[in-house]
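Chemist: here is a sequence together with a model predicted from it:
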Amino acid sequence: MTQVLQFVYDLHGAIFTLHRILKPGGVLLATMPGIIPIHPEEWPFYGSMTATAVARLFNERFPASAIEIEPHGNVLAAISLLQGLASEELETAELDHEDPSYPVVIAVRVVKPAGQ
């Protein structure tokens, strides 16, 4: 589910469905935008997230112990994204620096526990 959930209006329903269709032990990998430019003429964009919001959203259906969340980004990466710069225009070290105050993308790994 990479870069999909921001286009879904009913996030709670989507998480419910993802939980339902995962088999026990199944793994869901998802990414959602943090800081991002919005282009509503291309797709209906319903929102970006914070790591705290993602944790709360997934915790409605999955136990906290089954959820791993990693925000990725920093102020330079966020500014570069908003200015339309390509990753090749930055040094690897500049992109590798993590600052949770400026999440460009939020990665989620969820495992459906046995018996759910």
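Modeler: In hand now; what should we look at?

Chemist: could you use CA atoms for every contact and neighbour count after this?
Modeler: Fine.

Chemist: quick one: neighbours of M32, just the number.
Modeler: By the criterion of other Cα atoms under 10 Å, M32 has 26 neighbours.

Chemist: tell me the secondary structure of it, please.
Modeler: strand (DSSP: H, G, I helix; E, B strand; the rest coil).

Chemist: if I look at it, how far off is H19?
Modeler: 17 Å (Cα to Cα, to the nearest Å).

Chemist: next, name the residue at the spatial heart of this structure.
Modeler: M32 (2.5 Å; Cα atoms, centre = their mean).

Chemist: now do the contacts for that one.
Modeler: 2-6, 48-49, 105-107 (Cα atoms under 8 Å, 6 or more residues apart in numbering).

Chemist: now swap in L22 and tell me
Modeler: Taking Cα under 8 Å, 6+ apart as the test, what L22 contacts is 28, 112.

Chemist: all numbers from here: first residue = 598
Modeler: Taking 598 as the first residue, the last one we looked at is L619.

Chemist: which residues in the chain form helices?
Modeler: Per DSSP state H, the chain carries helices over the ranges 608-618, 648-656, 672-680, 689-693.

Chemist: mind putting these in CSV, mean pLDDT and distance to V624 included?
Modeler: Shown next, in CSV, are those (pLDDT from 0 to 100; distance: least, Cα to Cα, whole Å):
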stretch, mean pLDDT, distance to V624
helix 608-618, 97, 10
helix 648-656, 96, 13
helix 672-680, 96, 28
helix 689-693, 94, 26
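
Chemist: for the spatially closest residue to G622 that is not a sequence neighbour, give me the pLDDT.
Modeler: Closest residue to G622 apart from its sequence neighbours, by Cα to Cα, 6 or more residues apart in numbering: K709 at 5.1 Å. K709 is assigned 97 on the pLDDT scale.

Chemist: check the burial of K709 by counting its neighbours.
Modeler: 22.

Chemist: got the phi/psi numbers for it?
Modeler: phi -80, psi 120 (degrees, to the nearest 10).

Chemist: what distance do you get for the closest residue to V707 other than its chain neighbours to E685?
Modeler: Take V707 and drop its neighbours on the chain: the residue closest to it by Cα to Cα, 6+ apart is I664, 4.6 Å away. Distance, I664 to E685, by Cα to Cα: 32 Å.
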